[in-house]
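# Give me a 3D structure for the following:
(one chain, ligands or ions: 1)
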Amino acid sequence: MPMPTISKHAETVVLHAGYRSDPTTNSVAVPIYQTTSYQFNDTGHAGRLFALQEMGNIYTRIMNPTQAVLEERVAALEGGVAALALSSGQAATLFSIQNIAHAGDNFVASTDLYGGTWNMFANTIGTMGIEARFVDPADPENFRRATDARTRCYYAETLPNPKLEVFPIAEVAKIGRSLGVPLIMDNTAVPVLCRPLDHGAAIVMHSTTKYIGGHGTSIGGILVDGGNFDWEKHADRFPMLNTPDPSYHGAIWTQAVKPLGPIAYIIKARVTLLRDIGAAMSPFNAFMFIQGLETLPLRMREHCANAAKVAAYLHKQPKVTKIIFPGVMSGEARRRADAYLRNGYGALVGFELQGGRDAGQRFINALKMHYHVANIGDTRSLAIHPASTTHSQLSPEDQLKTGVTDGYVRLAVGIEHIDDIIDDLDQAFAAA
Ligand code: PLP
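Below is the predicted model of the structure:
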């Protein structure tokens, strides 16, 4: 694309990276290329595209110009080399692992994960013969202990809820790099505030459904390749990238795309997994995420400022027995929060009510402005009582392990005026 703006500032990157204007219409807004297919110039052109000798559009299940702008912007935002937009965060998570692991392989995952990811790892991915080994991230060395010759990656979330304890990214990335194991980070909860690739992670994923979209309209996911992991050096661990791939006329991914840069991982995910599984992001949703991305740094500032004020307000609430927010933590949890998050501690705030489950439910039912939803990352303030909803299928012991007590309430603080947020909480506390 002509005139991409080079900047290290997120505010600029989200507006300018990867697109200046439409080459045929001069449209300044990124057009929605609502097309399935792309006319080949001639058979030679078509052949070169399929052989990956030339990059270009073939079919929207595999690539699309609207998606491409989103991919370039998110890659630039995260400091990566390339990205792949997908139909949901769940698809991005599954692809991130399936791209390098098959039956008989394993990976090591943090126990602090979004429930849907945990379920996928504990159940569905096992049916594919891939073993998820869960370890407590409190001690980064747990990742080393769980690693063997068939370990293909580590997987964790930067700011996992409900515990909201920031993951030791550099510590685990370092262990992984010493063993030839890449770290994949789900950065959904803290875009802009953290760039896991800067701390040694190899791959970043987002559920774009959350803060990147920002307005609660569209489901999507994205994978970003850091281009910073030497797959060839660890060829024994990554046969899927270093031996001929029968599904793509024997391509060896680390060799096939070398002239295009260190993008073996992301290209393989696109032209094999996305080709075969078809979890493509629609061009319209890509457009929605581009709109969201434009104001992401601005919104994150407001989200974080409001969340910090909510946490301060909760301190004064007599019915609150505990506040769960990185900015009020101490010890190692606080050190990690300060080491990995910049300009705010995110916008997820948890608290425990002294009245337990009944009080938690009364509180939620009394909210007037906050939406009662399982989502996070909307412009609007959201609230949920995990013990009776998102975590209700877990045994009470397992609920406790994930950090959910009976009286736990999670807020995803929005960008309304802070006075209105606090007024709504105030009147709900009166009912709790
Ligand atoms: N990762 C995190 C941290 C999430 O919160 C979610 C969704 O709630 C996902 C991944 C899954 O994303 P999606 O709902 O877009 O499939």
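# Who are the contact partners of the closest residue to the ligand within the chain?
Residue nearest to the ligand within the chain (Cβ to the nearest ligand atom): Gly89, separated by 2.2 Å. Yep, even glycine has a C-beta here, placed from its N, CA and C like the rest. Gly89 makes contact with 116, 186, 188, 205-210, 219-221 under the criterion Cβ atoms under 8 Å, 6 or more residues apart in numbering.
# which of these tops the neighbour count?
Comparing the contacts of Gly89 by number of neighbours (other Cβ atoms under 10 Å), Thr208 comes first, having 31 neighbours.
# So it sits against Leu223, correct?
No: distance between Thr208 and Leu223: 10.7 Å, which falls outside the contact criterion (Cβ atoms under 8 Å).
# Please list the residues of this protein that sit near the ligand.
Taking Cβ under 6 Å from any ligand atom as the criterion, the chain approaches the ligand at residues 88-90, 114, 116-117, 157, 186, 188-189, 207, 209-210, 219, 221, 376.
# ok, so what distance separates the nearest residue to Ile100 once chain neighbours are set aside from Tyr265?
Nearest in space to Ile100, with sequence neighbours left out and distances taken as Cβ to Cβ, 6 or more residues apart in numbering, is Arg152 at 4.8 Å. Going from Arg152 to Tyr265 by Cβ to Cβ, to the nearest Å gives 12 Å.
# Can you report how many residues lie near Trp118?
The number of residues packed around Trp118, counting by other Cβ under 10 Å, is 19.
# helix or strand for it, which one?
According to DSSP states H and E, Trp118 maps onto helix 115-122.
# in the lowest-mean-pLDDT helix or strand in the chain, what counts as buried?
Taking all helices and strands of the chain together, the one with the lowest average confidence (mean pLDDT, DSSP states H and E) is helix 396-401, at a mean of 82. Neighbour-count burial for helix 396-401, with 16 or more other Cβ atoms under 10 Å as criterion, is recorded at Gln399.
# Determine how far that helix lies from the middle of the whole chain.
A distance of 25 Å separates the C-alpha centroid of helix 396-401 from that of its chain, computed with Cα atoms, centre = their mean, to the nearest Å.
# List of residues touching that helix?
Counting by Cβ under 8 Å, 6+ apart, the neighbours of helix 396-401 from elsewhere in the structure are 111, 386-387, 391, 405.
# Same question for stretch 227-245.
Residues lying outside stretch 227-245 but in contact with it, judged by Cβ under 8 Å, 6+ apart, are 80-82, 99-102, 149, 151-152, 177, 180-182, 197, 202-203, 250-254, 261-265, 268, 272.
# Then stretch 47-63?
Taking Cβ under 8 Å, 6+ apart as the criterion, the residues outside stretch 47-63 that touch it are 33, 35-38, 40, 45, 64-65, 251, 256-257, 260, 267, 270-271, 274-275, 278, 280, 283.
# What helix or strand is the residue nearest the centre of the chain located in?
The central residue of the chain, meaning the one whose C-alpha is nearest the mean C-alpha position (Cα atoms, centre = their mean), is His206 at 2.2 Å. Secondary structure assigned from DSSP H and E places His206 in strand 203-207.
# same question for that strand, mean pLDDT?
Per-residue pLDDT values over strand 203-207 give a mean of 98.
# Mind listing the strands that strand pairs with, and their directions?
Counting by DSSP bridges, the strands paired with strand 203-207 are strand 183-186 (parallel), strand 221-225 (antiparallel).
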